[in-house]
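Novice: model the following, please.
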Amino acid sequence: MSERRLLHHATRMAAVTFGSRLTGYVRDKALAWVLGADTLNDAFRTAFRIPNAFRALLAEGALHAAFVPALSKLGDDGDDGRAARELVRGVSAALLLALAVVVGLGILASPLLVRLYAQGFAEQPGKLALTVWMNRLMFPYLAFISMAALCQGVLNSRERFLLPAFTPVLFNLVLAASAWWLVRDARHAPTVLALAVLVGGALQFAVQLPAVRRLGFSLRPLWRAARSPTVRRVMLLMLPGVAVLGLNQVNQLVTSLFASYLGDGAVTSQFYAYRVTELMYGGLIVQMTTVLLPVLSRQLREDPAEAPGTLLDTVALVSFVTLPTAVLLVVASRPVIGLLFGGGAFGADAIDVTSRTLAAYAFGLLGTAHAKVMASAFFAQGNTRAPMWGTAAALVMFTVAAAVLVRPLGVPGLGLANTVAMLLYAGVLTTWYVRRYGLGDVRVAPAVTSFVRQAGAAAAVGAAVWAFRDVLATIDRTGVDEAIRLAVVLVPAGLAYAGLVTLAGGGETRAMLDAVRGRGRR
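Specialist: Model (predicted):
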């Protein structure tokens, strides 16, 4: 797949995902307005983080990385078609067995898991018990969302990307509705929030299942196929992938543990700061890397000489988006947080802590995006073991950095520690991939030049935005006037960045525009 076709798929998905990100923001804003940064919001974030971590480790991370390349290699007709259908049913059987064990043990071990994530809650009366109660109610969410991830893997392997990108909208709307319910009746708030998580996860699975069936696949477990060599190979490939793609979730465990000792609202402030980087990251970057995995898998099988060029094109396009975003999040963190979450129960103190934490997280966005690209390249090679060592190094660095930085910096220290870890992780993965597989006859110099152009343009635009900081300083609530004031500064900044890169000889802006106009298909 060419750079243009990759961008065509990614931008179509981005259009669908925009709705997901928008409703995700509505969900988070609604909960911030109603709950603020307090005990219940801290408990909800921690209780939900635990099954969500298992989801990333067991399903959407490791399973996707091992399953999609295996299914992409099998056609839909003849022996290949029969093998593909058996693979899906065999993986379904193995996944359901694993989920039954994990969900059951998770419910029983909820007190231990909550203490692992938030031992500091024990210092605040009732907070630990509240979190355990909510976590037990939420844990079956893992089963629904894991089966939804299996559906996504099937659809992605057949280059059906739009529906899986849409399904989080349903989850977000259900959670937002729960906040509306709490405004009317807050007596059963913990139960309402937990049940909303379950309903949202079930809907994500239910809407994808018919599309999977239309492709000729069934998720009805086939226990005989679960013992086949192909399914065993997928399961074995998942094991190191748990560590590789689960880095972010393991970091979140350590983050939550440190934050739980920093008083009421610390977990919530950290969550909202990190959530902004996710909103920026998820719109296009996740889509580009989701498309990259099956594309590289196919190229390595059919035309290996083309794969290094696709990889470098993706790296350049990812940095084109993430580098200026990181710079702008640093210089405009307070008005961004004020506009997105300010108002209601989310007051000035919460805005201040959250904005400083966002600034500390900002450049971790660059490392996270690049690491995801390189991890996808490893997985396309069928290699989930080598990146595991980079993961281990980054996790150690994050833990050490957090232990050093949290005491003097508080919650922002967690953001800075994450940035250090993710940049290290990206560097390690890149170095190992080039040493192991090389880049063929593709020249690296143009990619380096692209990054230098992007860095120079981002720095210039960041300095200009900083000059307007007084205009933005009083943005502390969500409102039309506040949004206009921020847009008047940030929109021209983004356009100026694209223009500067183009004037310096970069072609990324044109490539993006061509893809949006539909010229990316070949």
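
Novice: C-alpha only now, for contacts and for neighbours.
Specialist: Fine.

Novice: where in the stretch 1-150 of the chain is pLDDT low?
Specialist: 1-14, 59-62 (pLDDT under 70).

Novice: all helices of it, in order?
Specialist: 3-35, 39-55, 62-72, 78-108, 110-118, 127-138, 141-157 (DSSP state H, counting those that start in this stretch).

Novice: how about those helices in JSON lines, adding distance to residue 272?
Specialist: Below are the helices of the stretch 1-150 of the chain laid out as JSON lines (distance: least, C-alpha to C-alpha, whole Å):
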{"stretch": "helix 3-35", "distance to residue 272": "8"}
{"stretch": "helix 39-55", "distance to residue 272": "10"}
{"stretch": "helix 62-72", "distance to residue 272": "26"}
{"stretch": "helix 78-108", "distance to residue 272": "26"}
{"stretch": "helix 110-118", "distance to residue 272": "17"}
{"stretch": "helix 127-138", "distance to residue 272": "18"}
{"stretch": "helix 141-157", "distance to residue 272": "22"}
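
Novice: the ones you listed: which one's closest to residue 377?
Specialist: helix 62-72 (10.2 Å; C-alpha to C-alpha).

Novice: roughly how far is the closest one from the heart of the chain?
Specialist: How far helix 62-72 lies from its chain's middle: 18 Å, per C-alpha atoms, centre = their mean, to the nearest Å.

Novice: looking at the helices of the stretch 1-150 of the chain, which is nearest to residue 311?
Specialist: Nearest of the helices of the stretch 1-150 of the chain (C-alpha to C-alpha): helix 3-35, 9.1 Å.

Novice: what packs against the strand or helix carrying residue 199?
Specialist: Secondary structure from DSSP states H and E places residue 199 in helix 189-214. Judged by 3 or more C-alpha pairs under 8 Å, 6 or more residues apart in numbering; DSSP states H and E, the packing partners of helix 189-214 are helix 39-55, helix 127-138, helix 141-157, helix 168-184.

Novice: mind redoing it with 6 Å?
Specialist: helix 127-138, helix 141-157, helix 168-184 (3 or more C-alpha pairs under 6 Å, 6 or more residues apart in numbering; DSSP states H and E).

Novice: may I see the buried residues of the first one?
Specialist: Under the neighbour-count criterion of 16 or more other C-alpha atoms under 10 Å, helix 127-138 has 127-128, 130-138 buried.

Novice: what's the mean pLDDT across stretch 174-194?
Specialist: The average pLDDT for stretch 174-194 rounds to 86.

Novice: gap between that stretch and the chain center?
Specialist: For stretch 174-194, the distance to the chain centre is 25 Å (C-alpha atoms, centre = their mean).

Novice: name the residues that touch it?
Specialist: Contact with stretch 174-194 is made by 27, 30-31, 134, 137-138, 196, 200, as judged by C-alpha atoms under 6 Å, 6 or more residues apart in numbering.

Novice: and these as CSV, adding distance to residue 233?
Specialist: CSV is the format used below for these (distance: C-alpha to C-alpha, whole Å):
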residue, distance to residue 233
27, 39
30, 44
31, 42
134, 36
137, 34
138, 31
196, 36
200, 32
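
Novice: and the two most separated of these?
Specialist: Within the contacts of stretch 174-194, 30 and 137 form the most distant pair, 21.4 Å apart (C-alpha to C-alpha).

Novice: roughly how far apart are the residue lying farthest from the centre of the chain and residue 281?
Specialist: For the chain, the largest distance from the centre (C-alpha atoms, centre = their mean) belongs to residue 78, which lies 36.9 Å off. Here residue 78 is placed at a distance of 40 Å from residue 281 (C-alpha to C-alpha, to the nearest Å).

Novice: just residue 511 next, same as before
Specialist: On the measure of C-alpha to C-alpha, residue 511 and residue 281 end up 19 Å apart.

Novice: repeat that for residue 111.
Specialist: Going from residue 111 to residue 281 by C-alpha to C-alpha gives 33 Å.

Novice: those two: which has the busier surroundings?
Specialist: residue 281 (20 against 17; other C-alpha atoms under 10 Å).

Novice: got the phi and psi for the closest residue to residue 425 other than its chain neighbours?
Specialist: Distance criterion C-alpha to C-alpha, 6 or more residues apart in numbering; nearest residue to residue 425, sequence neighbours excluded, is residue 394 at 5.3 Å. Here is the backbone geometry of residue 394 (degrees, to the nearest 10): phi -70, psi -40.

Novice: burial of residue 394, as a residue count?
Specialist: 23.

Novice: the chain should start at 752 in everything you say after this.
Specialist: Understood, numbering begins at 752; the last thing we discussed is residue 1145.

Novice: surely it meets residue 1171?
Specialist: No: using C-alpha atoms under 6 Å, residue 1145 makes no contact with residue 1171, being 8.3 Å away.

Novice: for stretch 946-958, give me every contacting residue.
Specialist: Against stretch 946-958 from outside (C-alpha under 6 Å, 6+ apart): 892, 895-896, 899, 918, 922, 925-926.

Novice: buried stuff in it?
Specialist: Applying 16+ other C-alpha under 10 Å to stretch 946-958 flags 946-956, 958 as buried.

Novice: now the stretch 902-1051 of the chain, which segments are flagged as low pLDDT?
Specialist: Using pLDDT under 70, the flagged stretches of the stretch 902-1051 of the chain are 990-999, 1033-1048, 1050-1051.

Novice: cutoff 80 now
Specialist: By pLDDT under 80, the weakly predicted segments of the stretch 902-1051 of the chain are 910, 912, 934-938, 987-1003, 1030-1051.

Novice: same check on the stretch 1152-1273 of the chain?
Specialist: Looking at the stretch 1152-1273 of the chain by pLDDT under 80, you get 1191-1195, 1262-1273.

Novice: just the helices from it, written as ranges.
Specialist: Going by DSSP H, counting those that start in this stretch, the stretch 1152-1273 of the chain shows helices at 1162-1188, 1196-1218, 1220-1223, 1231-1254, 1259-1267.

Novice: and residue 1245, how many neighbours?
Specialist: 18.

Novice: quick check: it vs residue 1077, distance?
Specialist: Distance from residue 1245 to residue 1077, by C-alpha to C-alpha: 12 Å.

Novice: from residue 1026, how far out is the closest residue to residue 838 other than its chain neighbours?
Specialist: In this structure, residue 838 finds its nearest non-sequential neighbour in residue 982, 6.2 Å apart by C-alpha to C-alpha, 6+ apart. Distance from residue 982 to residue 1026, counting by C-alpha to C-alpha: 35 Å.

Novice: ok, back up a step: dump the buried residues of helix 878-889 to a markdown table, plus distance to residue 941.
Specialist: Shown next, in a markdown table, are the buried residues of helix 878-889 (distance: C-alpha to C-alpha, whole Å):
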| residue | distance to residue 941 |
| --- | --- |
| 878 | 12 |
| 879 | 13 |
| 881 | 8 |
| 882 | 9 |
| 883 | 11 |
| 884 | 8 |
| 885 | 6 |
| 886 | 10 |
| 887 | 11 |
| 888 | 9 |
| 889 | 10 |
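
Novice: closest to residue 769 out of those residues?
Specialist: Nearest member of the buried residues of helix 878-889 to residue 769, counting by C-alpha to C-alpha, is residue 889, at 26.5 Å.

Novice: apart from its neighbours in sequence, what residue is nearest residue 1067?
Specialist: Closest to residue 1067 by C-alpha to C-alpha, 6+ apart is residue 1198, at 6.1 Å.

Novice: meant to ask about residue 1074
Specialist: residue 1117 (6.1 Å).

Novice: isn't the one you found right up against residue 1073?
Specialist: Yes: the criterion here is C-alpha under 6 Å, and residue 1117 meets it with residue 1073 at 5.4 Å.
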